[in-house]
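# Could you work out the structure for the sequence below:
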Amino acid sequence: MSGDAPESSGRPAPGPVAALREIGFWLERGREKTHRVKAYRRAADIVAGLGDEEVRRRRSARNWQELAGIGPKTAAVIEEACEGIVPRYLAELRAAARPIGAAGAELRTRLRGDLHTHSDWSDGGSPIAEMMGCAAALGHEYCALTDHSPRLTVANGLSAQRLRRQLDVVAEVNAELAPFRILTGIEVDILDDGSLDQDADLLAELDIVVASVHSRLRDDRDTMTRRMVYAVANPHVDVLGHCTGRLVEGGRGTRPESDFDAEIVFEACRRYGTAVEINSRPERQDPPERLIRLALEMGCEFAVDTDAHAPGQLDWQGYGCARAVACEVAPGRIINTRSVDELLEWTRSGGA
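Okay, the predicted model is just below:
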């Protein structure tokens, strides 16, 4: 992967819709305020919905701000893009961007894809096609779509019926983006007793299942250990997501690690072929490095994932790569360094 954004330097100047969306990408990548990102993505959607005749008319009249949702800054981007030049603000963002996680740059080139992402079907901010088109533009060979399961109502988790409808959409987008491959998947909740929050038959159909704890994170040590072991031993589970549940920064505040016996949990991951996720979200940095090192010593495999909820966050893998390198995790121990065929052979064989 190159880490370059869509429409990076050296390519033709983008049209207004692409320019607005690329600005959204850079703002998301740079962890800017959500309302700033939404302004540019909303403007992109508005322009994309206009007919050719109206675009020509407004381009001539330069009256973009008459449209609800288009302000002075987004109008300036649209006008410059319509003139066939790279908008000034976009050029500034491109020039200011720096590599993420420079210490992990070599490892990042070895990654073939991302195994934990979200769309607007649950709590992500962008449609499937936009998320996956961006993943392809970043150089991924594949990317797993892992929206939430139904128990997580605050995140609009997918019922079995909605997930089946999503699989149809994924098939359509896959046809458009080939040879890039969207892997079908889910981030399934680990329930209070360690069972999984989705129909077993449906989980069996998916390419990638990430299992994570999102509730009762302060359960006692024995209870949390038992929950996690039951989950990672489930033959449908491929990845244990953000295992401590901690938050170390960001708008949601901080949250301590869940208390569990990491040696027992990681031994279960090793035995049952479940990869330990190195979650790249800056506010998570999960697991902490001492637990990455412990999992490595115990023979676990890993997945370096973004847990992206927006296109720009798909470029956050560098954060996870830098942490993996700091802990001396070899590329061969990271499952998303493998080709899609090798990865799916691994998941179908139960991680053997």
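
# Just to be sure, Glu277 is in a strand?
Yes - counting by DSSP: H, G, I helix; E, B strand; the rest coil, Glu277 is found in a strand.

# Count the neighbours of it for me.
As a burial measure, Glu277 scores 26 neighbours (other C-beta atoms under 10 Å). C-betas here are computed from N, CA, C, even on glycine.

# Which stretches in the chain count as helices?
Along the chain, the stretches classed as helices by DSSP state H are 16-29, 34-48, 52-61, 72-82, 88-96, 105-110, 128-137, 160-177, 200-205, 221-233, 262-272, 289-297, 317-326, 340-348.

# List just the one of those helices that sits closest to Gly253.
Closest to Gly253 of these is helix 34-48 (C-beta to C-beta; 16.0 Å).

# Determine the set of other helices and strands touching the closest one.
Contacts defined by 3 or more C-beta pairs under 8 Å, 6 or more residues apart in numbering; DSSP states H and E place helix 34-48 against helix 16-29, helix 72-82.

# Report the angle between it and helix 52-61.
Angle of helix 34-48 versus helix 52-61, following axes from the mean of the first three to the mean of the last three C-alpha atoms, to 10 degrees, is 110 degrees.

# hmm, who's touching helix 34-48?
16-17, 20-21, 23-24, 27-28, 55, 67-71, 73-74, 77-78, 125-126, 310, 312 (C-beta atoms under 8 Å, 6 or more residues apart in numbering).

# before we move on, what about stretch 248-258?
213, 217-219, 224, 243-247, 282-285, 288.

# From the centre of the protein, point out the most distant residue.
In the chain, counting by C-alpha atoms, centre = their mean, Ala61 sits farthest out from the average C-alpha position, at 39.9 Å.

# Weed out the non-buried ones from the contacts of helix 34-48.
For those, a burial check counting by 16 or more other C-beta atoms under 10 Å picks out 16-17, 20-21, 23-24, 27-28, 55, 67, 70, 74, 77-78, 125-126, 310, 312.

# residues near the closest residue in space to Ala19 that isn't next to it in sequence, how many?
Closest residue to Ala19 apart from its sequence neighbours, by C-beta to C-beta, 6 or more residues apart in numbering: Ala81 at 4.3 Å. By other C-beta under 10 Å, the residues close to Ala81 number 22.

# Quick one: residues contacting the residue nearest to Ala352 when sequence neighbours are not counted.
The shortest distance from Ala352 to any non-neighbouring residue, by C-beta to C-beta, 6+ apart, is to Gly273 (5.7 Å). For Gly273, the contact set (C-beta under 8 Å, 6+ apart) comprises Glu301, Trp346, Ser349, Gly350, Gly351, Ala352.

# Just give me the least confident of those residues.
For the contacts of Gly273, the model is least confident at Ala352; its pLDDT is 70.

# how near is it to Val210?
Going from Ala352 to Val210 by C-beta to C-beta, to the nearest Å gives 19 Å.

# Can you list the low-confidence ranges for the stretch 101-250 of the chain?
By pLDDT under 70, the stretch 101-250 of the chain has no low-scoring segment.

# Dump the C-alpha coordinates for stretch 250-268 into CSV.
The C-alpha atoms that make up stretch 250-268 are tabulated as CSV, following Å, rounded to 0.1, in the frame of the first residue of the first chain:
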residue,chain,number,x,y,z
GLY,A,250,-10.4,11.4,22.2
GLY,A,251,-13.9,12.9,22.4
ARG,A,252,-15.4,10.0,24.2
GLY,A,253,-13.0,10.4,27.1
THR,A,254,-10.8,7.7,28.5
ARG,A,255,-11.7,4.2,29.7
PRO,A,256,-9.6,1.7,31.6
GLU,A,257,-8.8,-1.8,30.3
SER,A,258,-11.1,-4.6,31.0
ASP,A,259,-9.7,-7.1,33.6
PHE,A,260,-9.1,-10.6,32.2
ASP,A,261,-6.4,-13.3,32.3
ALA,A,262,-4.5,-12.4,29.1
GLU,A,263,-2.5,-15.6,29.2
ILE,A,264,-5.6,-17.8,29.2
VAL,A,265,-7.3,-15.7,26.5
PHE,A,266,-4.2,-15.6,24.2
GLU,A,267,-3.7,-19.3,24.7
ALA,A,268,-7.2,-19.9,23.5
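
# Distance from the chain centre to that stretch, please.
Using C-alpha atoms, centre = their mean, to the nearest Å, the distance from the centre of stretch 250-268 to the centre of the chain it belongs to is 20 Å.

# now, which of the contacts of stretch 248-258 sits nearest Glu263?
For the contacts of stretch 248-258, the residue nearest Glu263 by C-beta to C-beta is Cys243; the value is 12.7 Å.

# Ramachandran coordinates for the closest one?
Main-chain torsions, Cys243, degrees, to the nearest 10: phi -70, psi -30.

# May I ask you to confirm that it is in contact with Pro287?
Yes - between Cys243 and Pro287 there is a contact at 5.4 Å, judged by C-beta atoms under 8 Å.

# who touches both of these two?
Counting by C-beta under 8 Å, 6+ apart, the residues touching both Cys243 and Pro287 are Val276.

# Tell me how many other residues crowd the closest residue to Arg59 other than its chain neighbours.
Among residues not flanking Arg59 along the chain, Cys82 sits closest, at 4.8 Å (C-beta to C-beta, 6+ apart). Residues lying near Cys82 (other C-beta under 10 Å) number 20.

# Right, I'll call it a day here.
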